[in-house]
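Engineer: pasting the structure only:
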């Protein structure tokens, strides 16, 4: 199974300088056969940083995280895709955990911040607003769309993998951050095999997030409404 590690980038140079050195070169042990970046129009030198290190870059024609993932499906020939954002939230050490689950027959594999043994960035906070909202979205997706299989504990996390065959069947079209939620919901609708493993979510290592909580939450609600009907 040819597996590609897809690095999603848009103006993340300070994060890349910290996180990228931790990413190993492709080998049987790393869980991927190649590394390719999808760039969303970076202006801060992210493209040059990756190019200087021999990383091929796929251009996305429109802005948005969903558009980045769709660009990967159309522009990268692979049997499976592992999506990674180099902002520090996602644990580089967990990347090799995707491939064995994909090779065992999973259609979608999600690194969960919510299941037993995992850690969410807000777990030390008294009020965990983002985590509680995420769990609400998890409950709604499972209650409405799950036909079989285990309860999905982190339906919206972007640190995930999917096979090319599954992506084709799901006909994903969300252009923004809600594409992961759409992927989970449609995989549940199709009765696909979704596997999760626990991960530790770290803090962003530099810069600011491009997905502020309230606007992003409203997009997830809109996505849920669209998929419901």
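Structural biologist: Happy to help now that I have it. Nothing here was measured: the structure is a model prediction, and the numbers come from that model.
Engineer: Do you have the helices of the protein handy? List them.
Structural biologist: Ranges of helices in the chain, per DSSP state H, are 13-19, 46-52, 65-75, 98-103, 129-145, 164-170, 179-189, 213-228.
Engineer: ok, now how distant is the spatially most central residue of the chain from residue 43?
Structural biologist: The residue lying closest to the centre of the chain (C-alpha atoms, centre = their mean) is residue 158, at 2.3 Å. According to C-beta to C-beta, to the nearest Å, residue 158 and residue 43 sit 22 Å apart. All C-beta spots, glycine's among them, are computed from the backbone N, C-alpha and C.
Engineer: How about residue 190?
Structural biologist: Taking C-beta to C-beta, one finds residue 190 at 39 Å from residue 43.
Engineer: Look at these two and report which has more neighbours.
Structural biologist: Neighbour tally, residue 190 and residue 43, criterion other C-beta atoms under 10 Å: the higher count belongs to residue 190, 14 against 9.
Engineer: If I look at residue 134, what pLDDT would I see?
Structural biologist: In this model, residue 134 is scored at 88, pLDDT.
Engineer: before we move on, back to that, who's in contact with the residue nearest to the centre of the chain?
Structural biologist: Contact partners of residue 158, counting by C-beta atoms under 8 Å, 6 or more residues apart in numbering, are 8, 65, 83, 85, 90, 177, 180.
Engineer: Output the residues you listed as a markdown table; include the columns pLDDT, neighbour count and distance to residue 149.
Structural biologist: As requested, these are exported to a markdown table (pLDDT from 0 to 100; neighbours: other C-beta atoms under 10 Å; distance: C-beta to C-beta, whole Å):
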| residue | pLDDT | neighbour count | distance to residue 149 |
| --- | --- | --- | --- |
| 8 | 97 | 21 | 27 |
| 65 | 94 | 25 | 26 |
| 83 | 98 | 23 | 21 |
| 85 | 96 | 21 | 26 |
| 90 | 96 | 23 | 24 |
| 177 | 88 | 20 | 24 |
| 180 | 96 | 26 | 18 |
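Engineer: which stretch in the helices of the chain is the model least sure about?
Structural biologist: Of all the helices of the chain, the minimum mean pLDDT falls on helix 213-228 (a mean of 81).
Engineer: Give the buried residues for that one.
Structural biologist: 216-217, 219-221, 223-224, 227 (16 or more other C-beta atoms under 10 Å).
Engineer: same question, stretch 106-123
Structural biologist: Across stretch 106-123, burial judged by 16+ other C-beta under 10 Å covers 106-115, 118, 120-122.
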